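Engineer: whatever this is, show me its structure:
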Amino acid sequence: MEFILQSKYNYKQHFIRDFFLVFSVILLSKSLYYETYGGNFLLIGFFFALAIIIIPNIKNLKIEKILLLYSFGLIALILINLETNYRSLFVLISRLMIAIIIIHLISFKRFSKIFTNIILVLSVISPLALFVIHFDLQSPLPDFNTIHEGDQERTLRNFIFFGVDELTLIKYTILRTTSIWWEPGAFQIFVNLAVIFSLINNNLSLKRYVIFAIAILSTLSTTGIIAFSILSLIHFKNYRITKKNISLYLFPLSILTFSFIFIGPLLIEKLNISHLSFISRYYDIIISINMLADNFFIGFGYGTSVENAIPYGEKLLGYDNYYYSRPSASDGITGFIAQVGFLGIIFMYPFLFPRYCNDLKLIDSLLISLTLFIMFNTQNFTNSLIFTVLTFYALTKNENSKLREIKNKVTNVSS
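Structural biologist: Take a look at the predicted model:
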C-alpha cells in the first residue's frame, strides 16, 4: 500500500514541468511552430535551456550505459564517412542529449500518458479545419510558413491549434486536416502513436477510439488509415463482445462503415501504382536501396540526402520519370540506412522492436512494429526529436515491467 501511495504522489509532482517537456517534444518534432519560428535553432536553444535550468537541479544523474553506447556508436558510425554533413550531425547530437535528459526526468508511462492527452485535444480540435477550408475563413494571426529542406515554401493560415494550407487545401477545397503539422501524413503519425501508447497502457476506451478514428479519417492519409486499421485489430481482438456491451460498438462501427463508404474510393485511387503519391514514395525507397547498394558499408553520408539523392535519382530513374512524380525523401528508415550504411539497421532495431512493448502479446508487439515501420518509412521523422526520444525509451526497461517485478517480489515475501 505504501508503494502504491508513493507512486500516486510522485505522479502529481512536477506535472507542469513534465507537461512542458512532452509538449515541447511534440512541437519540436517538425510542427508548424518549429518550422516557422526557427527550426533546428529552436531545438538547440531548447537543449541549452534544459542544460541551464534543469540539469543543475537533477540529483544523482545516472545515465544508462545502453544509451551512451547507442549515442557514441551512432556518432562514430556517422563520422566514418567523410561526406557527412556536420551541421546535421551537430543537430543529431543535440537531439541525443535532449532525449537523455527527458528519459531521466520522465518515465515512459508518464510521457506516453501526457503525450496521448495532448494528441486527444488536438484530435478533437483538428476537424474545425474542415469548416475553415469549406468557408475559406481567414485568421487574424500571422501565417505559418514551412521551411523544411527540399520543399517549396508553403503558407498556412494560423489558427493556433491547427494550420490550413492555402496552396492546396484552400485553393482546391480539399477537405483534409493537418493539425499543427504541414500535411495530413505528418499529423497521422502522432495520432497513431497516441493509439499505440493507449494500447500499451491499456486505456484505449471507446470514446478515445472514436476520437482517434475521426481524426485519422479526416486526414484522408492512406498510410494513416492502414496503420490505424492494424492497431484496431489489436484493440478489438482483445475485447470480448457480449450481449451487454455490443450496443457500445454499434455507434463507432457505423461511423467507420459510413466513412469508409465515402473515403474508400479515394484510398483505392491513392493505392493505384499510377497515383503520384504512391509513385513518389515508391521512388524514395528504390533510390535509397540503390544508393545503399553502391555505398553498402559506410553509406552516402549522413545529412546529405538532398544534394546526393536528387542527382542520383535523376540518373537512376531518368530525368522525365524523376520529375513526373518527384521523390520527397520521405522514406525515413530506408533513407537513414542508405545514409550511414548497412550497420544503420542496428540503430533502427530498438525503435522498431521497442522494449516498452514487452508486456504485450508477441503478435501485438509485431503488429505495432509493422505499424511503426509503415509510418516512419513514408514520413521522414527519423531525424526528428520524437524519434530519438522513443528510441531511447525503447532501449530502457518499461516501468510497467518494473512494477510487475516489485509486485511479484512482494507476493513472494508475503507467501
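Engineer: for the rest of this, base every contact and every neighbour count on C-alpha atoms.
Structural biologist: Noted.
Engineer: what segments of the stretch 251-400 of the chain are helices?
Structural biologist: All helices of the stretch 251-400 of the chain, identified by DSSP state H, counting those that start in this stretch, fall at 276-294, 305-317, 319-324, 332-340, 344-352, 362-376, 385-395, 399-414.
Engineer: scratch that, the stretch 1-150 of the chain is what I was asking about
Structural biologist: Counting by DSSP H, counting those that start in this stretch, one finds helices in the stretch 1-150 of the chain at the ranges 2-12, 15-27, 32-36, 40-53, 65-79, 86-105, 108-125, 128-135.
Engineer: quick one: closest of the helices of the stretch 251-400 of the chain to Ile125.
Structural biologist: Closest approach to Ile125 among those is made by helix 385-395 (21.7 Å; Cα to Cα).
Engineer: tell me how far the closest one is from the chain's mean position?
Structural biologist: The chain centroid and the centroid of helix 385-395 are separated by 10 Å, computed with Cα atoms, centre = their mean, to the nearest Å.
Engineer: need the contact partners of that helix.
Structural biologist: Identification of contacts with helix 385-395 by Cα atoms under 8 Å, 6 or more residues apart in numbering yields 25-26, 28-29, 66-67, 95-96, 99-100, 102-103, 108, 350-351, 353-356, 381-382.
Engineer: correct me, but Ile170 touches Gly163?
Structural biologist: No. Taking contacts as Cα atoms under 8 Å, Ile170 lies outside contact range of Gly163: 11.1 Å.
Engineer: ok, those two, which is more surrounded?
Structural biologist: Set side by side, Ile170 and Gly163 show more neighbours around Gly163, with 27 against 20, by other Cα atoms under 10 Å.
Engineer: show me the contacts for Ser94.
Structural biologist: Residues near Ser94 by Cα under 8 Å, 6+ apart: Leu43, Ile44, Phe47.
Engineer: ranking by neighbours, what's the top pick from those residues?
Structural biologist: Within the contacts of Ser94, neighbour counts (other Cα under 10 Å) peak at Leu43, which reaches 24 neighbours.
Engineer: ok, that one - contacts?
Structural biologist: Leu28, Val91, Ser94, Arg95 are the contacts of Leu43 under Cα under 8 Å, 6+ apart.
Engineer: distance check, it against Ser123.
Structural biologist: 25 Å (Cα to Cα, to the nearest Å).
Engineer: what's the answer for Ile226, then?
Structural biologist: Here the criterion is Cα to Cα. By it, Ile226 lies 18 Å from Ser123.
Engineer: which of the two has more neighbours?
Structural biologist: Neighbour count, other Cα under 10 Å: between Ile226 and Ser123, Ser123 has more, with 27 against 16.
Engineer: for the more buried one, which non-adjacent residue is closest in space?
Structural biologist: If you skip the residues right next to it in sequence, Ser123 has Ala215 as its closest partner in space, 5.3 Å away by Cα to Cα, 6 or more residues apart in numbering.
Engineer: with just CA atoms, put the strand or helix carrying that neighbour into PDB.
Structural biologist: Assigned by DSSP states H and E, Ala215 belongs to helix 206-219. Coordinates of each C-alpha in helix 206-219 appear next as PDB, following Å, rounded to 0.1, in the frame of the first residue of the first chain:
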ATOM      1  CA  LEU A 206     -14.400   3.500 -26.700                       C
ATOM      2  CA  LYS A 207     -14.500   7.400 -26.500                       C
ATOM      3  CA  ARG A 208     -10.800   7.700 -27.200                       C
ATOM      4  CA  TYR A 209     -11.000   5.200 -30.100                       C
ATOM      5  CA  VAL A 210     -13.800   7.200 -31.800                       C
ATOM      6  CA  ILE A 211     -11.900  10.500 -31.400                       C
ATOM      7  CA  PHE A 212      -8.800   9.000 -32.800                       C
ATOM      8  CA  ALA A 213     -10.700   7.300 -35.600                       C
ATOM      9  CA  ILE A 214     -12.400  10.500 -36.700                       C
ATOM     10  CA  ALA A 215      -9.000  12.400 -36.600                       C
ATOM     11  CA  ILE A 216      -7.400   9.700 -38.800                       C
ATOM     12  CA  LEU A 217     -10.300   9.600 -41.200                       C
ATOM     13  CA  SER A 218     -10.300  13.400 -41.500                       C
ATOM     14  CA  THR A 219      -6.600  13.300 -42.700                       C
END
